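Colleague: got a sequence here, can you model it:
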Amino acid sequence: MPSTTAGQTLDRDAARFGRNAEPFILLILRDGRSYGYEIRSRLEAFGFRRAAREPGVVYRLLHSLEQAGLIDSEWDLTASGPARRYYRLTESGEAQLRRGAEHLERHAQRIARFFEAYHQPGAEGEEV
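Modeller: Numbering: from 1, shown residues only. Just a heads-up that it's a prediction; the model follows:
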């Protein structure tokens with residue numbers, strides 16, 4: 001088995017985070033435009049602790065979503081304080097959100113069936 005470096009592990013972890021967090025970011029932006037810190041806070045409320053611990057991974061994901069045309073962004077210079085980059089959902093992003101929601105719903109059904117089978121008396125590994 002080939003060995004992996006710390007960099008390869010981090011890349012895989014970031015990719016996994018991106019796949020898991022993408023529909024949640026799109027859902028957050030469906031509610032209206034938002035900026036990075038607010039998106040990170042809302043991701044954390046969904047249980048994505050890594051969003052708070054490693055903000056760079058969220059910003060890289062936002063950049064890749066923008067590159068894919070799922071979101072767009074603009075700088076807001078009108079508010080007092082530092083400029084904020086606001087992100088908003090595009091039409092392509094809305095379509096991707098629908099696909100992501102369908103995928104998560106199928107996954108939730110599989111998980112429910114798993115636990116149903118797991119908690120059945122006489123299930124494999126359980127003493128009868």
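Colleague: so which residues of this protein form helices?
Modeller: For the chain, the helices defined by DSSP state H occupy 6-30, 36-45, 49-53, 55-67, 91-118.
Colleague: now those helices as CSV including mean pLDDT?
Modeller: Output for the helices of the chain, formatted as CSV (pLDDT from 0 to 100):
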stretch, mean pLDDT
helix 6-30, 78
helix 36-45, 94
helix 49-53, 84
helix 55-67, 93
helix 91-118, 96
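Colleague: nearest to Ser80, out of these?
Modeller: Set against Ser80 and scored by C-beta to C-beta, the helices of the chain come closest in helix 36-45, at 15.9 Å. (Glycine included, C-beta is placed from N, CA and C.)
Colleague: chain center to the closest one: distance?
Modeller: Chain-centre distance of helix 36-45: 11 Å, with C-alpha atoms, centre = their mean, to the nearest Å.
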